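>>> Got a predicted structure plus its sequence, pasted below:
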Amino acid sequence: MWEALQISIAGICGVIAAILLLYFTVRISGYLTGKIEKKGDKTDE
Amino acid sequence: MSNLFELVSMSGFLYLTPQMLVMWAIAGVLFYLAIARGFEPLLLLPIGFGILLANLPLTGLMEPGEGLIWRFYQYGIHWEIIPPLIFLGVGAMTDFGPVLANPKLLFLGAGAQVGVYITFFSAYLFGFDLSEAAVIGIIGGADGPTTIYLGAKLAPALLGSAAVAAYSYMAMVPIVQPPVMRILTTQKERRIRMKTLRKVGRLEKILFPFLAATVIILLIPASAPLMAMFMLGNIFRESRVVERLNHAAQNELMNISTIFLGLPVGATMNAGQFLRPDVIFIFVLGLVAFMISTGSGVLIAKFMNLFLKEGQKINPLVGAAGVSAVPMAARVVHAVGAREDKQNYLLMHAMGPNVAGVIGTVVAAGIFLTLLG
């Protein structure tokens, strides 16, 4: 039972870690692409 | 005359057992659900036919090393070819725009995986071993290909029943989810209108599959086969430079893979393997997993609302879409929300956790493979 509990806790932590990592990746890439696209728009003008 | 006797003695009729007839009836139920009710027909129809074939005596179709369907199973599923190909098609069909526009929705995809682990633990307490419990738990993710992928690797004996349970519950999303959603939310919460999603730029959409594949595979390498193909399909879609590949992944490849996924999965369900008391537990625990996953997604959304400003709040119904079941779960969220406020368009908001749920379930399966594989 102890092993199953450990796997459950590790699993939940693993999923949260993966989603957190993805969240920050999306935020950072969103910020950077936003900057690049703004710069592109200015160049077009 | 002796040839005639031999022909009669080799006829399948003489070898039929009552258990086989019960399996025919189960196949008949799947045919009914698929054809008359339109429940997940793409999968339930070939699975049902596979069940029928597996329970016809003397065919040898599932004979190891010789049978035709055994070969489909061995080289398609056991060798991990077909589920990743399905993911390639799913990736090509997926628009990550709603998640990129509102990345907070990713957490709802994670929240819905709580049900997977609670059910895993419960199944273990009911006497299943750790590998079997993992396969039962992953049913809660409501992701058929992932359930099949994990089942083939960890508990092949449970593969058929787990797959049928997963696809049945995916088909029954409109019946199973709304009561859970209503119990856990107030009318005021169900009426929350969410801010219109911003338009996501092309560059952001192109970058996402590259980045997501890299970070997730680095964190959980065992998730690589499914995650890699999922994101490759999405690169085909978003790059807009390989329209032929995008089209093939979404259509021909997806359809062919679906045929060769459903038929052998159904054929693993012979009477000896399926008609056991523990299979009933698989269906019951699978349903519990699915309901807990729905509820945990809703509760995570409510928890997040405690920290969000007015105007930024999430309609908690959206959390229920954190189970995969794309796009059915998102449609159900929209329908339940519209019952309270017809002008409340939740569909695009619900697509965010819905696709995040696919990623979450793949990660959960990868973790099981890492720890138990």
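Structure's in. What do you need? This is a predicted model, so every value here is computed, not measured.
>>> from memory residue B:281 sits against residue B:126, does it?
Yes: here residue B:281 reaches residue B:126: they are 5.9 Å apart, a contact under Cβ atoms under 8 Å. For glycine as for every other residue, the C-beta is placed from the backbone atoms N, C-alpha and C.
>>> Neighbour count for the two, which is higher?
When residue B:281 and residue B:126 are compared for neighbours, residue B:281 comes out ahead with 18 against 15, by other Cβ atoms under 10 Å in any protein chain shown.
>>> mind checking pLDDT for the more buried one?
Residue B:281 is assigned a predicted lDDT (pLDDT) of 84.
>>> The one 5 residues further on now?
In this prediction, residue B:286 carries a pLDDT score of 85.
>>> Same question for residue B:322.
89.
>>> Tell me the pLDDT of the closest residue in space to it that isn't next to it in sequence.
Spatial nearest neighbour of residue B:322, excluding adjacent residues (Cβ to Cβ, 6 or more residues apart in numbering or on different chains): residue B:112 at 3.0 Å. Residue B:112 is assigned 82 on the pLDDT scale.
>>> how far away is residue B:112 from residue B:141?
Distance, residue B:112 to residue B:141, by Cβ to Cβ, to the nearest Å: 8 Å.
>>> joint contacts of these two?
Residues within reach of residue B:112 and of residue B:141 at once, by Cβ atoms under 8 Å, 6 or more residues apart in numbering or on different chains, are B:293, B:323, B:357, B:360.
>>> Extract the residue ranges of chain A that are flagged as low pLDDT.
A:44-45 (pLDDT under 70).
>>> Looking at residue B:112 and residue B:141, which is more packed in?
Higher neighbour count among residue B:112 and residue B:141: residue B:112, with 36 against 31, using other Cβ under 10 Å.
>>> Please name the residues that touch the closest residue to residue B:190 other than its chain neighbours.
The spatially closest residue to residue B:190, leaving aside those adjacent along the chain, is residue B:340, at 4.5 Å (Cβ to Cβ, 6+ apart). By Cβ under 8 Å, 6+ apart, the residues touching residue B:340 are B:187, B:190-191.
>>> can you check residue A:14 too?
Applying Cβ under 8 Å, 6+ apart to residue A:14 gives the contacts B:219-220, B:363-364, B:367.
>>> near chain A, which of those residues show up?
B:219-220, B:363-364, B:367 (Cβ under 8 Å from any Cβ of the partner chain).
>>> Using TSV, lay out those together with pLDDT, secondary structure and neighbour count.
TSV is the format used below for the ones next to chain A among the contacts of residue A:14 (pLDDT from 0 to 100; DSSP: H, G, I helix; E, B strand; the rest coil; neighbours: other Cβ atoms under 10 Å in any protein chain shown):
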residue	pLDDT	secondary structure	neighbour count
B:219	95	helix	17
B:220	95	coil	22
B:363	95	helix	30
B:364	95	helix	33
B:367	96	helix	27
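>>> which residue is nearest the centroid of chain A?
residue A:22 (1.9 Å; Cα atoms, centre = their mean).
>>> For that one, I want the exact helix or strand it lies within.
Here residue A:22 sits within helix A:2-44, counting by DSSP states H and E.
>>> Residue numbers of the stretch 251-373 of chain B in contact with chain A?
So far as Cβ under 8 Å from any Cβ goes, the stretch 251-373 of chain B lies against chain A at B:356, B:359-360, B:363-364, B:367-368, B:371-372.
>>> again, only using 6 Å
Proximity of the stretch 251-373 of chain B to chain A (Cβ under 6 Å from any Cβ of the partner chain) is limited to residues B:360, B:363-364, B:367, B:371.
>>> For residue 19, give me its contacts.
In the absence of a named chain, chain A is used. B:106, B:110 (Cβ atoms under 6 Å, 6 or more residues apart in numbering or on different chains).
>>> The chain in question should be chain B.
B:271, B:275 are the contacts of residue B:19 under Cβ under 6 Å, 6+ apart.
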